[in-house]
Each structure stands twice: as C-alpha cells, then as structure tokens.
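Peer 1: Sequence first, then the predicted structure:
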Amino acid sequence: MTQLLLEQNRGVFESFAKDTKHTFAAWETQRSLHDKYSKLVDENRLHAHFQAEATFKWQFAKRYIAQAQPLAPDGSGIAMTDEPYDLLADWEEMRKRHAQECFAFVRLHQERCLKMYDEEVSCEALQRKLRDKVVAWLAQYGYNDAGIAESMVHKSKQFVDSLVRLERPRVKNRIDKDKEQKQKREQALLDATCKWESLDVKDVLSPALLELASRGSARSKPLTVKEDSALAFLVKDNAELQEKHRIKITSSAVRVPTPKHKPKPSPRRHIPDHQKCTFIIRALELVMDACVVSFNGEVSESQDGVATGLGVAGQVANIYLSSLDNFLMQSHDIHLQFLRRYIDDILLLWSGSTLELSAIANSWHPSLKFDLSGDGYVHFLDVALHIEQNRSVSWSMYEKPLNLHLYVPANSCHPDSVFHSLYEKPLNLHLYVPANSCHPNSVFHSLQIGGFCRCLRRNSSSVDAKRSLAAFKLRLRDRGFSIVAFERIVMRYQDRNAAKQRRRNTIR
C-alpha cells in the first residue's frame, strides 16, 4: 500500500526536490556574497558600487568654492567656525561616510538573509516542509489511516536525508572551486604585478626612444614598424597613440608574393539571408551522401565519418570538433592550461594524470578514440616541442620517420599552383621542383629561400637549425641543385634584408 501511495505521490516529491535545489542554489549565492563582503571588510575596502558612489565628483562653481562656508547640521544656516573650510573635501568625506553606511546596511541584511537560508536548507526544516506537503496530500485524497500517514512521513524523512546528502556536497564543492579559482587569479595578478615592477624601464623605453628619434619627426607617410620592435611593443595596445602619431605595425615575417587572381562572383548574393543556413546544411548533406572511397580497385560508399581526401573534410572536422574544444575547456579547466587544435591534431598542456585525460577525451563520443603521445616531448604538425629542465620550451623541425621523400618527377604534369605551394612552405614529402624543370629561375630561388627560412624558424637552437639546413641541402643536391648556387642565393637574400633594415633605420 505504501509503495502504491509513493507512486501516486511522486509529483509531490519531484516538485519538492526541484524547489530544494533552487533553495540550495540561493543559499550558495548568499554564502559566496557573505565571503566576499567579509573579505572586503577585512581588507578595509568598499564594494565596487559603493566605492564608485564614494568617489563621485560634483562640479561646484569655482568662484563659490573659494568663498563657501560650512552649513549647520540641519541645513538651517551657516555654522560659525574659525577654521578654513574646504567644500570639496567636505563633499568627499560625506560621500565616503554615506557609502560606508550603505555598505554596512547591505551587509547586515545580507547576514540575515544568509541565516534565513541556513535555516531553510537545514535537514529539520526540509523534513518539516515535505512532511506538511505529504500530510496535506493525504488529507486531500482522503487517506485517514494513521499507520499509512506515519509510514509516508517516515519515507519523506528518508527522501530528505538522501537529497541533503546529495546536494550539500555539490554546493560545497562549487564554493571551494570558486574560491580556488579566485585565489589563482589573485596570485596570477600579483605575480604579473611583481614582474612588471621588477622590469627596468630603460630596457624597454631606451630602444623605443632611440628608434623613434632616428626616424625623424618630419614625415608625410604613416610610420611603419615591425611587430617585434621595441616601439611596436609600447604602442600596440594603445590605439589612440597609434592614430595620433600615424604608426602602422606590420608583421616581421617574410612573405613571398603570389599571383593575384580576380575572385569569381560569389553565389551568396543569389541566396536570401534567411535561407543561407538551410543552403549550407543541404549542400553538406549532398556532399556527404555522395562520398565514395576507392581502395584496391573497389569503390565503396562511406556510411560513417568523412573521407580524408574530401574537399570539405577539414571544414567539417573543424565544425564537428569545435564542440570537443568547448567540452574540454568548460568541463576541465582546472587541469587544462593550454589548448590548440589543427583539424584532428590537438596540442594541450595538462597538469592532471595521463589516464584521466585519456578517459575524459574518449568519453566525449563513443565512435572517437584519441591516441595520446608525448610527456615532456611531443610533436605537433611539423614542429617537435620539448620541455627543458629549467621549464623552458624548445622546438625543432619534425619529420615523420616513415617519410619516403617521394619527389615529383621532372616530367610531371602538375599545374603551377602545386609547385607554388612548395615555395612558401615545403611539404613533409619534400616534393621539390626538379632542377631540370622548365620553371623560371625565380621559382627555384623562392623554393630555396623558403626552405632556408623554414629551417631557421622551425628550430629554436642554432644546432638544430644547422642540422635541418644540412639535410635540406642534401635533398636539393639529390634533385640536381647546386649547393654553391644555393649558398649564394641565401647570402644575397640575407644581404638584401639587412640593407632594407638599414634603410628603415636611417631614412626615417
């Protein structure tokens, strides 16, 4: 009989559980506010709103400020005094006094509010509340048996006990986690402040001032500076200063010019705005439904996942895996310190255990399994990262161990765009243009300069850079290039860059 009544009375228990969770959430908010206000009092500070009220300025007439006299407390007239009177100081003192009174008023009522919620979330109060609801329900439906009523009241007490044991630790964990995060932010702010105060201003300002003075003051064009210069470091976060002195910050990276093609008319202008989302979804469905895979002479239809060679595979993977990024950052921000992803390759800094990270990543979706690699040493794309003993990070150029160096043959019919992609960043397969190709000399120069720059940028130490450069020279030699000509091209490139830098420093 009691079990039947519990099934019929389920709505009362569910409604009570929902209201209790809201009450615990309100209690958690009041606990956080009480801790916040107590900390402000201990530090002899005001709440931000009241601090703004205390520092509020009022513009009195300047002529009146000089001859103002103190007023009586009731405002009936002038209070006679021989001491000099400062109207602005009196105003500031009054605002501060009122702000302190308002803050004290808020704290008193907040403490009473917290006591009210302390009583409401106590086990006795919750048991009494649910018991009244159960008794009222029994009376409403005509259950007058004392034994049934006693049994239902006993069940309600057990329900409250289990609910409190479940909700109270959750609230406490959230409060402790919030305190820990605040302490981390305060410590990070303190460390940053100490680091800034320990900086020698001359180390930053002197190069910037010398650079600015060497450029001269009379100029008709905007001042262009590299992003890694001292002047750019000072003004990059000050848009007003950049606009005032007409300073333009440019990237310091070497960019090889590429041919510009006139863009084709976009089909988006023929699609109404309210139908663009539907159009994109339908287009993706069409591409995914028509996806087939060919292997060993057999053609199969792809039922699950995205084929690697599909043109939109990268975009689809990025859209899909963006939810994984949010999942990792929002759910596990305690251990996760850094996260970067390129399609399905993820680089992150994790302070927890490897098993915990593997379990978290593999729990996101049952069809996805992640392979973890690297503990202090890890490769990401074409860069190998290593944490030194002094906790600094070094990097070097990474190449896959099974790389067969399958070069493009000299009689290849690939279009120019394929070779152009090699000039700026040689691919991992080292598909370099053969020396006996019919491409112009500028193409070969771009290839060699691009490979030289890549060897320098992908290595943090000069030893690794020399090792990568030596391997690059060997591959060039195997493809028919002259090492002497390569060194001459690189030397001219370095001399040209040095001359450009000297002109920037002298002309302006």
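Peer 2: Structure's in. What do you need? Quick caveat, the model's predicted, so the values are computed rather than measured. Numbering: from 1, shown residues only.

Peer 1: Please count neighbours and contacts with C-alpha atoms only from this point.
Peer 2: Fine.

Peer 1: which residues in the stretch 251-400 of the chain form strands?
Peer 2: With strands called from DSSP state E, counting those that start in this stretch, the stretch 251-400 of the chain shows them at 292-295, 298-301, 336-342, 345-350, 377-380, 383-387, 393-397.

Peer 1: In JSON lines: the ones you listed, plus mean neighbour count.
Peer 2: As requested, the strands of the stretch 251-400 of the chain are arranged in JSON lines below (neighbours: other C-alpha atoms under 10 Å):
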{"stretch": "strand 292-295", "mean neighbour count": "11"}
{"stretch": "strand 298-301", "mean neighbour count": "10"}
{"stretch": "strand 336-342", "mean neighbour count": "13"}
{"stretch": "strand 345-350", "mean neighbour count": "14"}
{"stretch": "strand 377-380", "mean neighbour count": "16"}
{"stretch": "strand 383-387", "mean neighbour count": "17"}
{"stretch": "strand 393-397", "mean neighbour count": "18"}
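
Peer 1: Those into TSV, with extra columns for distance to R97?
Peer 2: Shown next, in TSV, are the strands of the stretch 251-400 of the chain (distance: least, C-alpha to C-alpha, whole Å):
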stretch	distance to R97
strand 292-295	77
strand 298-301	77
strand 336-342	44
strand 345-350	49
strand 377-380	59
strand 383-387	55
strand 393-397	53
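
Peer 1: who wins for proximity to L138 among these?
Peer 2: strand 336-342 (52.2 Å; C-alpha to C-alpha).

Peer 1: Distance from the chain centre to that closest one, please.
Peer 2: Centroid displacement of strand 336-342 relative to its chain, using C-alpha atoms, centre = their mean, to the nearest Å, is 9 Å.

Peer 1: Which elements pack onto that strand?
Peer 2: Packing partners of strand 336-342 (3 or more C-alpha pairs under 8 Å, 6 or more residues apart in numbering; DSSP states H and E): helix 313-331, strand 345-350.

Peer 1: Let me know which of the ones you listed is the nearest to E227.
Peer 2: Relative to E227, the nearest member of the helices and strands packed on strand 336-342 by C-alpha to C-alpha is strand 345-350, separated by 25.7 Å.

Peer 1: that older thread, compare the helices and strands packed on strand 336-342 and give me the one nearest D228.
Peer 2: With C-alpha to C-alpha as the criterion, D228 lies closest to strand 345-350 of those, at 25.2 Å.

Peer 1: Sketch out the low-pLDDT regions of the stretch 151-300 of the chain for me.
Peer 2: Applying pLDDT under 70 to the stretch 151-300 of the chain picks out residues 196-220, 230-231, 234, 238, 241, 251-274.

Peer 1: where do the helices sit along it?
Peer 2: Per DSSP state H, counting those that start in this stretch, the stretch 151-300 of the chain has helices spanning 201-215, 230-235, 239-245, 276-289. These are given in chain order.

Peer 1: related to what we said a few turns ago, now the helices and strands packed on strand 336-342 in CSV, with distance to E227 and mean pLDDT?
Peer 2: Converted to CSV, the helices and strands packed on strand 336-342 look like this (distance: least, C-alpha to C-alpha, whole Å; pLDDT from 0 to 100):
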stretch, distance to E227, mean pLDDT
helix 313-331, 29, 80
strand 345-350, 26, 80
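
Peer 1: Output these as TSV; include the columns distance to A361.
Peer 2: Listed next are the helices and strands packed on strand 336-342 as TSV, based on distance: least, C-alpha to C-alpha, whole Å:
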stretch	distance to A361
helix 313-331	8
strand 345-350	11
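
Peer 1: Out of the ones you listed, which is closest to T224?
Peer 2: strand 345-350 (34.4 Å).

Peer 1: And for that closest one, what's in contact with it?
Peer 2: H335, L336, Q337, F338, L339, R340, R341, L357, F380, L381 (C-alpha atoms under 8 Å, 6 or more residues apart in numbering).

Peer 1: closest one to S151 among the helices and strands packed on strand 336-342?
Peer 2: That would be, of these and by C-alpha to C-alpha, helix 313-331, which comes in at 41.8 Å.

Peer 1: how far is that closest one from where the chain is centred?
Peer 2: So, by C-alpha atoms, centre = their mean, the centroid of helix 313-331 is 14 Å from its chain's centroid.

Peer 1: low pLDDT regions in the stretch 1-150 of the chain?
Peer 2: Residue ranges of the stretch 1-150 of the chain with pLDDT under 70: 1-8, 73-82.

Peer 1: ok, 80 please
Peer 2: Counting by pLDDT under 80, the stretch 1-150 of the chain has low-confidence residues at 1-11, 71-83, 141-145, 148-149.

Peer 1: For it, just list every one of the helices.
Peer 2: Along the stretch 1-150 of the chain, the segments classed as helices by DSSP H, counting those that start in this stretch run 2-8, 10-42, 48-54, 62-67, 87-120, 123-140, 146-198.

Peer 1: Using JSON lines, lay out those helices together with distance to A307 and mean neighbour count.
Peer 2: As requested, the helices of the stretch 1-150 of the chain are arranged in JSON lines below (distance: least, C-alpha to C-alpha, whole Å; neighbours: other C-alpha atoms under 10 Å):
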{"stretch": "helix 2-8", "distance to A307": "51", "mean neighbour count": "11"}
{"stretch": "helix 10-42", "distance to A307": "46", "mean neighbour count": "15"}
{"stretch": "helix 48-54", "distance to A307": "55", "mean neighbour count": "15"}
{"stretch": "helix 62-67", "distance to A307": "77", "mean neighbour count": "10"}
{"stretch": "helix 87-120", "distance to A307": "57", "mean neighbour count": "15"}
{"stretch": "helix 123-140", "distance to A307": "57", "mean neighbour count": "16"}
{"stretch": "helix 146-198", "distance to A307": "42", "mean neighbour count": "14"}
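
Peer 1: Could I get those helices in TSV, plus columns for distance to Q494?
Peer 2: What follows is the helices of the stretch 1-150 of the chain, written out as TSV (distance: least, C-alpha to C-alpha, whole Å):
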stretch	distance to Q494
helix 2-8	83
helix 10-42	59
helix 48-54	56
helix 62-67	65
helix 87-120	64
helix 123-140	78
helix 146-198	36
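
Peer 1: Domain ranges for the protein, per the record?
Peer 2: What automatic domain parsing lists as the domains of the chain is 2-195, 201-250, 270-301, 313-397, 416-507.

Peer 1: The first one: how far from the chain's middle?
Peer 2: Mean C-alpha position of domain 2-195 versus that of the full chain (C-alpha atoms, centre = their mean) differs by 31 Å.

Peer 1: try the third one
Peer 2: Centroid separation between domain 270-301 and its chain, computed with C-alpha atoms, centre = their mean, is 32 Å.

Peer 1: Mind listing what's buried along that domain?
Peer 2: Neighbour counts over domain 270-301 (16 or more other C-alpha atoms under 10 Å) mark M288, C291 as buried.

Peer 1: could we number from 19 for the rest of this?
Peer 2: In the new count, where the first residue is 19, that last one comes out as domain 288-319.

Peer 1: Next up, the contacts around the closest residue to E406 other than its chain neighbours.
Peer 2: Leaving aside its sequence neighbours, E406 sits nearest to S412 (C-alpha to C-alpha, 6 or more residues apart in numbering; 7.1 Å). Shown in contact with S412 (C-alpha under 8 Å, 6+ apart): L403, H404, I405, E406, N477, S478, S479.
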